[in-house]
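Asker: Quick one, what's the 3D model for this:
(4 chains)
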2 protein chains.
Amino acid sequence: MARKRTIADIAQLAGVSKATVSRVLNHKPDVDPATRERILRIMEDVGFVPSITASGLAGGRSRLIGILVPAFTWPLIPDIVRGVAEVAGNTIYEIVLYSINDKTRGDNKGDVIDHILSTNLIAGLLAILPGQSSRYIVRLHQLGFPVVMIDDQALPPAMPWVGADNYTGAYEATHHLLNLGHRRIAHIQGPLRYLCSRERYRGYCQALQEAAIPLDPALVIEGDFEVAGGQSAAYTLLTLPPEQRPTAIFAGSDGMAYGVLATAAALGLRVPEDLALVGFDDTYSSAIIQPPLTTIKQPFSEMGQRAAELLLSLLDKASQQFSGTYPYPSFRRAATLEVAREPENHSDDPRPYETTLPDHERENDEPIRIFLSTSLIVRASCGSKLRATAPPSL
Amino acid sequence: MARKRTIADIAQLAGVSKATVSRVLNHKPDVDPATRERILRIMEDVGFVPSITASGLAGGRSRLIGILVPAFTWPLIPDIVRGVAEVAGNTIYEIVLYSINDKTRGDNKGDVIDHILSTNLIAGLLAILPGQSSRYIVRLHQLGFPVVMIDDQALPPAMPWVGADNYTGAYEATHHLLNLGHRRIAHIQGPLRYLCSRERYRGYCQALQEAAIPLDPALVIEGDFEVAGGQSAAYTLLTLPPEQRPTAIFAGSDGMAYGVLATAAALGLRVPEDLALVGFDDTYSSAIIQPPLTTIKQPFSEMGQRAAELLLSLLDKASQQFSGTYPYPSFRRAATLEVAREPENHSDDPRPYETTLPDHERENDEPIRIFLSTSLIVRASCGSKLRATAPPSL
DNA sequence: CTGAAAGCGCTTACAG
DNA sequence: CTGAAAGCGCTTACAG
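Answerer: Sure, this is the predicted structure:
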């Protein structure tokens, strides 16, 4: 931890001016290759790392990206953040953490956003599930501030956006149950004010329709994404007259599936023998719970990665990055970005439950939306068509 | 989002020099109260927020604190981070996230630390469970860099450190089982290379000793903190001859307790009827699993808070904060800091299983160590002494 | 292709 | 108690 070196030191060592050092730092084209090489070498030799703070001040752009995180209690958040961190770790950017739960910063969410902006710290923002503050994020975007939304509960217009293909995931879940021979399949929806809940419901309907099974309104209940909601919805469903009672439940979230499990146990129903169950999310607990839960895995970490890549590419338009010669590998944008305006209705697809993504060409200046595919994780909670008893697991 | 205001703007509006504005910004004493008031008002009126980047550059100290996070997969991390974020939200500090799992930044952990330092971004560092990189953190501290360790698996010498009182927690867990009438209580230890595992073992031993129950080596097995380890340890314990078999197990972590649950189920043993079970951590899943797990809750969020407060007070020595008049409430150090060099052996304490903390006076310039108390969370996995069947729960 | 100089927004001695 | 000036480490026109 010797005295921090500055570009002046490097300049002196290389026998050039600070301006030239700055040029190679910023990958400006007009530098003599030999000079560039020499400077690069020296920087590496002495372990030079430029001051983020100084270049931020001078250049007017920062090397920090913000990540706006809602309640930490939600189990998916850490995974998303991890994805972001992985991508950021390969770049010159650092991550600044903003917690939107923070009541102390002001009465309304707008204050947090204002604070983030006025502090002039970050170059761009990743907003995880902004929910209530979604409109502030949209405003940010309209003001030209680089921002990417991750898995928001709505699809704001003209907004860089990364989320999961909830429709196909739900289709797959339902299809799995159909494949096992179930015909009376209930669905506990998430709150319908969320886009993802509506998309999952749509996937459920589509799968039933393809199997020529009419939708039974008695088998569809709106829940709250929580254990409690799953519990009470399950009670309603499982106390239906025997001929109406579902043989399988597709819960709109793993949390609600846990509630179903509890209610089933309370009613003396065995899972999967008496009731097959599929969740959605693949939360950490779902592999641990008894029986282990078959569910639709959302690629949270990948969502974070893709969102970070998208933000970085947005930032690209105004700045450059370092090259491989430099201690930090440069950021390379993802080889391909699946881009679409909305997940397609797969009803014409011969194998719609495969996790392929719509692959349209990106229209210029269209808002970028990335829908990541989910995947079916088969565990014990659905049993199998062939055996009456579930195989032991975990 | 009008043009960003600078202290020059404020100075002009207030009819003073930039230096004076800077003084009130930094709470320097020598400012005329009336002038200070006026400047404060103006800053509030126009919503002035100083540039972190500029004051960092000029002042040589930053308003950013780093948080070094290990694998995000560990369920306790988010809670700790939340605690840190809550405290930071009340201050002028922002949080910069560093992920130590990041392989791309270099081969060894030291690189990440070097990077953190050389980038000259943050004023201080919070290291969550540094584990492998612990020695780099110690080096940082020796070099005079403000750093606080959170719940590391060792107690490095002379280091600001925040953790849980594992000894008392384990004592309480074992005591709870003893209270329910159990006499053959097994313990699945965490890896003994971790201090917390040894402390928990010590608490277990102490409780047994006070109950005049000799330690049975056959009932103590070292595990790995994971589900798998709990599973195999439980198998060893539960297949012991009937007269040797434990009637209760104290698992050193909730994860291992889940493993016990799985093994018990596989062996046809009911929990709590045939086996009482206590965990340690109070992980999210523990309330959801069947039966809900009685466990020792670690105050993760509070650990984050206390660590952040400690770091901030360390930072205080070199800088000041804003006052309440200013948009950001000032940081106030915790009213009391429980400080001790090591958790006391409570054997002389009449009610050692209460969550009181050792309360020594702090010796000047001693390393600050904060041990937070754990708490017993009683759920269904221990049943009760009086009834043979467990009450339904969740 | 390269350098001298001004400037980013703040802080900090140094005078007064 | 307050101001003028230098400086933090970088970037960016502007010349050459």
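Asker: Could I get the full set of strands for chain A?
Answerer: Taking DSSP state E, the strands of chain A run over residues A:64-69, A:94-99, A:124-128, A:147-150, A:161-164, A:185-189, A:220-222, A:248-251, A:276-281, A:294-297, A:369-372, A:375-377.
Asker: just for chain A, where's the confidence low?
Answerer: By pLDDT under 70, the low-scoring segments of chain A are A:1-3, A:72-73, A:101-110, A:317-367, A:385-394.
Asker: care to break it down by domain?
Answerer: Chain A breaks down by automatic domain parsing into domains covering A:7-50, A:64-159+A:300-335, A:167-297+A:377-382.
Asker: Nearest to B:Leu261, out of those?
Answerer: With Cβ to Cβ as the criterion, B:Leu261 lies closest to domain A:167-297+A:377-382 of these, at 7.1 Å. From N, CA and C alone the C-beta is placed, and that goes for glycine too.
Asker: how about that closest one, does it get close to chain B?
Answerer: Yes. Using Cβ under 8 Å from any Cβ of the partner chain, we find that domain A:167-297+A:377-382 touches chain B at A:227, A:231, A:258, A:261-262, A:265-266, A:284-285, A:288-290.
Asker: Out of the strands of chain A, indicate the one that is most buried.
Answerer: Of these, the one with the most neighbours on average (mean count of other Cβ atoms under 10 Å in any protein chain shown) is strand A:248-251, at a mean of 31.
Asker: That one: how far from the chain's middle?
Answerer: The chain centroid and the centroid of strand A:248-251 are separated by 24 Å under Cα atoms, centre = their mean, to the nearest Å.
Asker: by contact count, what packs against that strand?
Answerer: Applying 3 or more Cβ pairs under 8 Å, 6 or more residues apart in numbering or on different chains; DSSP states H and E, we find strand A:248-251 packed against helix A:166-179, strand A:185-189, helix A:227-238, helix A:254-266, strand A:276-281.
Asker: just to revisit the earlier point, for the domains of chain A, give me JSON lines that also has distance to DNA strand C.
Answerer: Shown next, in JSON lines, are the domains of chain A (distance: least, Cβ to the nearest atom of the strand, whole Å):
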{"stretch": "domain A:7-50", "distance to DNA strand C": "3"}
{"stretch": "domain A:64-159+A:300-335", "distance to DNA strand C": "7"}
{"stretch": "domain A:167-297+A:377-382", "distance to DNA strand C": "39"}
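Asker: mind listing the helices in the stretch 251-394 of chain A by residue range?
Answerer: A:254-266, A:300-316 (DSSP state H, counting those that start in this stretch).
Asker: any chance of those in CSV, with mean neighbour count too?
Answerer: Output for those, formatted as CSV (neighbours: other Cβ atoms under 10 Å in any protein chain shown):
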stretch, mean neighbour count
helix A:254-266, 25
helix A:300-316, 23
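Asker: Let's have those helices in TSV, adding distance to B:Leu192.
Answerer: Output for the helices of the stretch 251-394 of chain A, formatted as TSV (distance: least, Cβ to Cβ, whole Å):
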stretch	distance to B:Leu192
helix A:254-266	34
helix A:300-316	32
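Asker: And the residue of the stretch 151-300 of chain A closest to DNA strand C?
Answerer: Closest residue of the stretch 151-300 of chain A to DNA strand C, Cβ to the nearest atom of the strand: A:Pro160 (26.7 Å).
Asker: how close does whichever residue of the stretch 151-300 of chain A sits closest to DNA strand D get to A:Ala308?
Answerer: Here the residue of the stretch 151-300 of chain A nearest DNA strand D is A:Pro160; by Cβ to the nearest atom of the strand that distance is 23.3 Å. Distance of A:Pro160 to A:Ala308, given as Cβ to Cβ, to the nearest Å: 11 Å.
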